[in-house]
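**Q** Next input, structure requested:
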Amino acid sequence: MSKSIKSTLFLIILSLLLAVFQPAVAKDKFKLAWSIYVGWMPWDYGNKEGIVKKWADKYGIEIEIVQINDYVESINQYTAGAFDACVMTNMDALTIPAASGVDSTALIIGDFSNGNDAVILKGKKSLKDIKGQNVNLVELSVSHYLLARGLDTVGLSEKDLKVVNTSDADMVAVYGTDDVTAVATWNPLVSEILAMPNSYKVFDSSQIPGEIIDLTVVNTKTLKENPKLGKALTGAWYEIMSIMSGSGDKAISAKTDMGVASGTDLKGYEAQLASTKMFYKAKDAVAFSRSTALKDTMKKVADFSFDHGLLGDGAPNSEFIGISTPAGLFGDNSNIKLRFSSIYMDMAASGKL
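**A** Got it, this is the predicted structure:
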């Protein structure tokens, strides 16, 4: 073998080895996907007001905030790697990215639904009246979970009705048709539907407080390699929270902007906030994340998800996917795919961002 060929082969092998063993290179551009919901409107406001850019600039990075009209599609795109971060509920974080093998971290616990998610009937005032009806909802989402939890309270089960999968983008229009008599959905859709004649809320998330949790989720590998992203997002979030929770003109202006952007007004948005337990202060979100109640909730969510085949075909039980929380682990320690972390929220609470 000639000397030149040996040299070429050596360089090829060396480059391959370097590609395999080189340390992760930090990124400087990131994308967060969000969809319209009372607890996620702050990202839109923070983006328009330059708050996100301010914090991204502080850490020498760029963060693009992108609205996706279809909520589930936004999570699917995050799971596929199109986004570094995405807003979603605790259940959807488990059943979509985690169940697909994408290790994800709940960076920010923004709130929990305390009435924003609801089951609504047309012409009937009791949840028991749902028996035998078709129920339109985003199948296998938190709306489905809410329905199942509600049915338990009145001695019914899913076999007593038929679930009809419906996109959240179509829910209001579908409800307006004569054939649809029952829906399970979330705000601002709940408010729009309840404004229609003969519509009655028969069960809502205030009856299962702390179980439907709204999160900002980041790919765990991306976060580990780029802690600046975690710091910038968390810093921006709590600056927005400090504005929202005020009582002056700036708070009113911010909430008005969020209301209009979500298709309502200040009064409508404040009504939605009234049925949301917002964690305006980082220390409150940290306390919630460290409670044993969070771990217990994730067990309920995992049980529901397993019963509905949402943890993957190979899942032998509800503990197949490991879910780590500050209060302890639920599930398989060797297969942790969803992590509730208080690290960055604690930095915000301690003024260390």
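
**Q** count of residues packed around the residue nearest to D117 when sequence neighbours are not counted?
**A** The shortest distance from D117 to any residue other than its chain neighbours is 4.2 Å, reached at S205 (CB to CB, 6 or more residues apart in numbering). (C-beta placed from N, C-alpha, C; glycine too.) Residues lying near S205 (other CB atoms under 10 Å) number 28.

**Q** how close does S205 sit to V217?
**A** Using CB to CB, to the nearest Å, we find S205 at a distance of 20 Å from V217.

**Q** And for G322?
**A** The value you get for G322 to V217, if CB to CB is used, is 16 Å.

**Q** Equivalent analysis for I51, please.
**A** Distance from I51 to V217, by CB to CB: 20 Å.

**Q** Who has more neighbours out of these two?
**A** Between I51 and V217, counted using other CB under 10 Å, the more crowded position is V217 (30 against 19).

**Q** Would you check that that one makes contact with P97?
**A** Yes. Using CB atoms under 8 Å, V217 is in contact with P97, at 7.3 Å.

**Q** in the stretch 1-150 of the chain, which spans are strands?
**A** 29-34, 62-67, 85-89, 104-113, 117-122, 134-137 (DSSP state E, counting those that start in this stretch).

**Q** Can you say which of those is nearest to K224?
**A** In terms of CB to CB, the element of the strands of the stretch 1-150 of the chain nearest to K224 is strand 104-113, at 8.6 Å.

**Q** What average pLDDT does that closest one get?
**A** Mean pLDDT, strand 104-113: 97.

**Q** quick one: strands adjacent to it?
**A** strand 213-219 (antiparallel), strand 276-278 (antiparallel), strand 336-340 (parallel) (DSSP bridges).

**Q** so can I have CSV of those strands showing mean pLDDT and distance to I61?
**A** Formatted as CSV, these follow (pLDDT from 0 to 100; distance: least, CB to CB, whole Å):
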stretch, mean pLDDT, distance to I61
strand 213-219, 98, 13
strand 276-278, 97, 27
strand 336-340, 98, 22
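
**Q** Check those strands for me and report the most buried one.
**A** Mean neighbour count, computed with mean count of other CB atoms under 10 Å, is highest for strand 213-219 among these, reaching a mean of 26.

**Q** ok now that strand, how far from the chain's centre?
**A** Strand 213-219 has its C-alpha centroid displaced from the chain centroid by 5 Å (CA atoms, centre = their mean, to the nearest Å).

**Q** Buried residues, the next helix-or-strand element following that strand. List them.
**A** Moving toward the C-terminus from strand 213-219, the next helix or strand (DSSP states H and E) is helix 220-225. Neighbour counts over helix 220-225 (16 or more other CB atoms under 10 Å) mark 220, 222-223 as buried.

**Q** got the strands of the stretch 1-150 of the chain as TSV, with mean neighbour count columns?
**A** Formatted as TSV, those follow (neighbours: other CB atoms under 10 Å):
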stretch	mean neighbour count
strand 29-34	20
strand 62-67	16
strand 85-89	29
strand 104-113	26
strand 117-122	24
strand 134-137	22
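
**Q** F306: which of those is closest?
**A** strand 85-89 (17.2 Å).

**Q** The closest one to strand 213-219, inter-axis angle?
**A** 150 degrees (axes from the mean of the first three to the mean of the last three CA atoms, to 10 degrees).

**Q** any idea of the mean pLDDT for strand 85-89?
**A** Rounded mean pLDDT across strand 85-89 is 97.

**Q** swap in stretch 248-262?
**A** Rounded mean pLDDT across stretch 248-262 is 97.

**Q** and that stretch, how far from the chain's centre?
**A** 22 Å.

**Q** What residues sit buried inside that stretch?
**A** Buried-residue list, stretch 248-262, by 16+ other CB under 10 Å: 254-255, 257-259, 262.

**Q** Filter these down to just the ones in helices.
**A** Of the buried residues of stretch 248-262, the ones assigned to helices by DSSP state H are 254-255, 257-259.

**Q** Name the nearest of those relative to S141.
**A** Each of those was scored against S141 by CB to CB, and M258 proved nearest at 22.7 Å.

**Q** Grab the nearest non-local neighbour of that closest one.
**A** That would be M41: by CB to CB, 6+ apart, it lies 3.8 Å from M258.

**Q** hang on, isn't that neighbour packed against T264?
**A** No. The pair M41 / T264 is not scored as a contact, 10.2 Å apart, by CB under 8 Å.

**Q** Between these two, which has more neighbouring residues?
**A** Between M41 and T264, M41 has the larger neighbour count (other CB under 10 Å), namely 25 against 19.

**Q** In terms of pLDDT, where does that one sit?
**A** 98.

**Q** One more: the one 3 residues further on?
**A** In the prediction, the pLDDT value recorded for D44 is 98.

**Q** same thing with the one 10 residues further on?
**A** K54 is assigned a pLDDT of 98 by the prediction.

**Q** circling back to that earlier point, any chance of a markdown table for the buried residues of stretch 248-262, columns distance to D179?
**A** Formatted as a markdown table, the buried residues of stretch 248-262 follow (distance: CB to CB, whole Å):
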| residue | distance to D179 |
| --- | --- |
| A254 | 40 |
| K255 | 37 |
| D257 | 37 |
| M258 | 34 |
| G259 | 31 |
| S262 | 28 |
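
**Q** of all the residues you listed, which comes closest to S350?
**A** Set against S350, the nearest of the buried residues of stretch 248-262 by CB to CB is A254 (24.8 Å).

**Q** How much space separates the residue nearest to the closest one when sequence neighbours are not counted from N114?
**A** Leaving aside its sequence neighbours, A254 sits nearest to I243 (CB to CB, 6+ apart; 5.1 Å). Between I243 and N114 the computed distance is 21 Å (CB to CB).
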